[in-house]
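Enquirer: Below are the sequence and a predicted model; questions follow.
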Amino acid sequence: MPKAIHMMVRVLELDRSIAFYGKALGLTVADRFDFETFTLVYLRNAEADFEIELTLNKDRTAPYALGDGYGHVAFCVDDLDAEHERCAGLGLEPGKIVAFDRDGGLMARFFFLTDPDGYRIEVLQRHGRYR
């Protein structure tokens, strides 16, 4: 059975992105591989083996066009309100908390963050299918 292991995003400044993901989501560098024309940095935390791969193309100076195909990557937390407050306190400008109801009950509560390169990150309350 296939297992999800990572997602990759292209970034312009590794240090800026590593700092953001560490501050916002508690991700730390698991591995770093430097090549002549690019660098790969894998980030993770103790909650799961799934990683975010940051790819720095060394000759790139212009921001990437994200297009309309990318949606977001999602993380769940035990206390969404506390996490929202923490992110706001760090100056990360979290979006407002939104609640989705379905069939008379809560389906999801969440907010979004945006990383330095414009990638959206959904932060969900651990609940139901979001574990």
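Expert: Okay, I see it. Residues are numbered from 1 along each chain as shown.
Enquirer: Now tell me what touches the helix or strand harbouring Ile18 from outside.
Expert: Using DSSP states H and E, Ile18 falls within helix 14-25. With CB atoms under 8 Å, 6 or more residues apart in numbering as the test, helix 14-25 has contacts from 11, 27-29, 39, 41, 43, 45, 52, 54, 56, 75, 87, 90, 92, 113, 115-117, 121. For every residue, glycine as well, the C-beta is placed using N, CA and C.
Enquirer: Out of the residues you listed, name the ones that lie in strands.
Expert: 11, 28-29, 39, 41, 43, 45, 52, 54, 56, 75, 113, 121 (DSSP state E).
Enquirer: Narrow the residues you listed to just the buried residues.
Expert: Buried residues within the ones in strands among the contacts of helix 14-25, counting neighbours by 16 or more other CB atoms under 10 Å: Val11, Thr39, Val41, Leu43, Asn45, Ile52, Leu54, Leu56, Phe75, Leu113, Ile121.
Enquirer: Those into CSV, with extra columns for pLDDT and distance to Tyr21?
Expert: Converted to CSV, those look like this (pLDDT from 0 to 100; distance: CB to CB, whole Å):
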residue, pLDDT, distance to Tyr21
Val11, 97, 10
Thr39, 97, 15
Val41, 98, 10
Leu43, 98, 5
Asn45, 95, 9
Ile52, 96, 6
Leu54, 97, 8
Leu56, 97, 14
Phe75, 95, 10
Leu113, 97, 10
Ile121, 96, 9
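Enquirer: In TSV, list those along with distance to Ile97.
Expert: Output for these, formatted as TSV (distance: CB to CB, whole Å):
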residue	distance to Ile97
Val11	27
Thr39	35
Val41	30
Leu43	25
Asn45	22
Ile52	23
Leu54	27
Leu56	33
Phe75	15
Leu113	12
Ile121	14
